[in-house]
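Engineer: my questions concern the predicted model and sequence given below.
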Amino acid sequence: MKRRTKMWGLLTLTLLMLVATACGKSDDKKTSGSASDISLGFAQVGAESGWRTANTNSIKDSAAEAGFDLKFSDAQQKQENQIKAIRTFIQQKVDVIAFSPVVESGWDTVLKEAKDAGIPVILTDRAVDSKDESLYVTFIGSDFVEEGKKAGQWLADQYKDASADVNIVELQGTTGSAPAIDRKAGFEDAIKGNSHLKIIASQTGDFTRAKGKEVMQAFLKANPKIDVLYAHNDDMALGAIQAIEAAGLKPGIDIKIISVDAVHDGVQAASEGKINFIVECNPLLGPQLMDAVRDVVAGKTLEKRIVTKEGTFTSEEAKAALPDRKY
Amino acid sequence: MTADSKGRYSSGSQSSLLSRAYKHHLFWPLALWIALLLFNLFYSPSFFKVVVREGHLYGSLIDILNFGAPLMLVAIGMTTVIATRGIDLSVGSVVAIAGALACQMISKGSDQNALSLVLYAIVMALVLSVALGLWNGLLVSITGIQPIIATLILMVAGRGIAQLITDGQIITVSSTPYQYIGAGSLAGLPFSIFLVAIVFAISALLTRRTALGLYIESVGCNPEASRLAGIRAKTVMIIVYMFCGLCAGVAGLILSGNVASADGNNAGLWIELDAILAVVIGGTSLTGGRFYLTGTIVGALMIQTLTTTIYSVGVRPEVTLVVKAVVVLAVCLIQSESFRKAIISRWKTRRYPAEREVTRHA
């Protein structure tokens, strides 16, 4: 008898815990309470960086402002979660589905399902490699190749009179993701004109600080002379800075650092001179996305590609921009 | 004794020493780890270079110790759980939760460098980790849920809890005492390795110098028989899950201290799988009843050595996981006795007709 009470107590506890977690999640989903005829399903990659959080907030805020019914899902960086979320949106018969694909490939089946259900799909921030362009309406987001080119161009300008080899190490983003592939391609394209600029090591840091630090430590041990670090996002650069400092070198001086994103922590490091050059990748695509959703529902045809506006920061520019940097 | 018998005697003792070493449970893990290190010796001699830089030792080997510390800790906890025929999949989530809670508390403080605040945050994070271990232990022992399912609950929910704590953000702290846990050095060595040494020493003493180890093994062999023999099987189970939670909590502090930030999503991601692998490489059986803490440490070191090796030799990121998988497969095959026997018997009884002919005539 006593044992049974104990068991029930535990079961209740389990249920309570599940309910508690479920509540925590559903709070996020109901961003907009207003009655609106347009419902938008958005499948986010996850919350892997400050950039992504700013992106999420921008989408939630502008959806609330536009009065849309936003169904938000966090894929926690797993493609299968995102596919599941999209299928749920299809079942819920939302008006428009928008999502940032975790990786580039493997979307044809689920996008076909959405198309068959007559739900238009908008890609944000990251593209898919599908041959069939009719599977989505438009792609709103940064041009990652262009970002890589800007980073490479700055480096090429810095070392245009170089007479000796400049050793570059690269911290790539998540293997197979669009930003990792394109930022690498754009960068290589921009520096290929100068034969002294050599990428001597390139490895993935999964866009995280911990991996960025671990990989950079290994790079520093394996390569005696590193002149430049090119990181595909700020977080990896921030991790790498710690590794460089632990090696007794000065980030930004002994090793020049180029990074992409310009999140708050990154801009701060740049203003301290630890990152030499940051290419901005603008996360605030909420307003543009809501405009596109409105146009799609109204039956207007959209451009297949909508590019967000982006700038670059040197250390001096970062100093000036830092106070206004929200994300 | 004739010379002949003498010679036979000495060769006999030599082979018995060899066969004893060969039969020791650490033989294969150590041999494979040394093989991996030898590969590095030939491929990149700088791998073994250790220099003193800014008052602490600096080199790839030190990195392996430092980055391997969280894995070693988690694997020690995992060993005790697996010894009771259980498994704990939630360690990765506990790692994330511990780091998240500590960083959140420190970042809220007015003076992040205050030692009292950091200690308070650390204690709270560890208490929470032990509580989460208790939760797993209760589910497994009292409600009798299969360990893999019971801990799966926290594995999935735990990431959510970590994100609730951090509000989905990466929390950056600028606290020197907290960073010391993961990135500091004591007597030239990474501080984290001392934590591993302490946890290892305590667990080894408790399990090998007291009856606790025997209890754990007996529960792993047969919980019901142990209970009938007067061992509180359920208490033993709860204790090992709590210990596993504590180990994961310390690992979480090291991981987040190392990068001075807490990342609810990625901290300790897949560390449970690496930990289970380390335990298996170390010779502990997944069916419980027998465990080797030293073997686990060697297994964890081998996994970290492999990771660092891959980074330093410059394997392309697209094939990194394949390379890892192939090495792990090779390690497991070489460790498997039946596989070794099959290879040896194949070698000895070659089925080439011509050769068979020769031996028959001779």
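Structural biologist: Everything's here; your move.
Engineer: give me the residues contacting stretch B:195-208.
Structural biologist: The contact list for stretch B:195-208 (Cβ atoms under 8 Å, 6 or more residues apart in numbering or on different chains) reads B:69, B:72-73, B:76, B:80, B:181, B:212-213, B:216, B:243, B:247, B:250, B:254, B:291, B:293-294, B:297. (Each C-beta comes from the backbone N, C-alpha and C, glycine too.)
Engineer: stretch B:50-65 now?
Structural biologist: Counting by Cβ under 8 Å, 6+ apart, A:214, A:217-218, A:221-222, A:246-248, B:40, B:46-49, B:185, B:188-190, B:192-193, B:301, B:304-305, B:308, B:312 sit against stretch B:50-65.
Engineer: pull out the buried members of those residues.
Structural biologist: Using 16 or more other Cβ atoms under 10 Å in any protein chain shown as the burial test, the contacts of stretch B:50-65 include A:214, A:217-218, A:221-222, A:246-247, B:40, B:47, B:185, B:190, B:192-193, B:301, B:304-305, B:308, B:312 as buried.
Engineer: which residue packs closest to residue 117, ignoring adjacent ones?
Structural biologist: If you meant another chain, say so; for now it's chain A. residue A:90 (4.9 Å; Cβ to Cβ, 6 or more residues apart in numbering or on different chains).
Engineer: meant chain B, my bad for not saying
Structural biologist: residue B:109 (4.4 Å).
Engineer: so what's the residue count around residue A:326?
Structural biologist: 8 (other Cβ atoms under 10 Å in any protein chain shown).
Engineer: show the pLDDT at it.
Structural biologist: The score at residue A:326 is 71. That number is its pLDDT.
Engineer: does residue A:73 count as helix, strand or coil?
Structural biologist: strand (DSSP: H, G, I helix; E, B strand; the rest coil).
Engineer: contact partners for the residue nearest to it when sequence neighbours are not counted?
Structural biologist: With sequence-adjacent residues excluded and distances taken as Cβ to Cβ, 6+ apart, residue A:73 is closest to residue A:85, at 3.8 Å. Contacts for residue A:85 (Cβ under 8 Å, 6+ apart) come out as A:41, A:43, A:73, A:75, A:99.
Engineer: at 10 Å instead, please
Structural biologist: Neighbour list for residue A:85: A:41, A:42, A:43, A:44, A:71, A:72, A:73, A:74, A:75, A:97, A:99, A:110 [criterion: Cβ atoms under 10 Å, 6 or more residues apart in numbering or on different chains].
Engineer: ok, now residue A:131?
Structural biologist: Counting by Cβ under 10 Å, 6+ apart, residue A:131 touches residue A:108.
Engineer: doesn't residue B:109 make contact with residue B:116?
Structural biologist: Yes. Assessed by Cβ atoms under 10 Å, residue B:116 is found in contact with residue B:109 at 9.4 Å.
Engineer: neighbour count winner among these two?
Structural biologist: residue B:109 (16 against 10).
Engineer: about what we covered before: verify the stated contact: the residue nearest to residue B:117 with residue B:118.
Structural biologist: Yes. The criterion here is Cβ under 10 Å, and residue B:109 meets it with residue B:118 at 8.5 Å.
Engineer: what's the overlap in contacts for these two?
Structural biologist: Contacts common to residue B:109 and residue B:118, judged by Cβ under 10 Å, 6+ apart, are B:173, B:175.
Engineer: give the buried residues for the helix or strand harbouring residue B:38.
Structural biologist: In the assignment (DSSP states H and E), residue B:38 maps to helix B:27-43. In terms of neighbour count (16+ other Cβ under 10 Å), helix B:27-43 has its buried residues at B:28, B:29, B:30, B:32, B:33, B:36, B:37, B:39, B:40.
Engineer: who's in contact with residue A:73?
Structural biologist: With contacts defined as Cβ under 10 Å, 6+ apart, residue A:73 is in contact with A:25, A:28-29, A:41-44, A:81-82, A:84-86, A:88-89, A:99.
Engineer: need the residue closest to the centroid of the chain.
Structural biologist: Chain wasn't specified; assuming chain A. Chain A has residue A:52 as the residue nearest its centroid, 5.6 Å off, counting by Cα atoms, centre = their mean.
Engineer: my question was about chain B
Structural biologist: The centroid of chain B falls nearest to residue B:75 when counting by Cα atoms, centre = their mean (2.9 Å).
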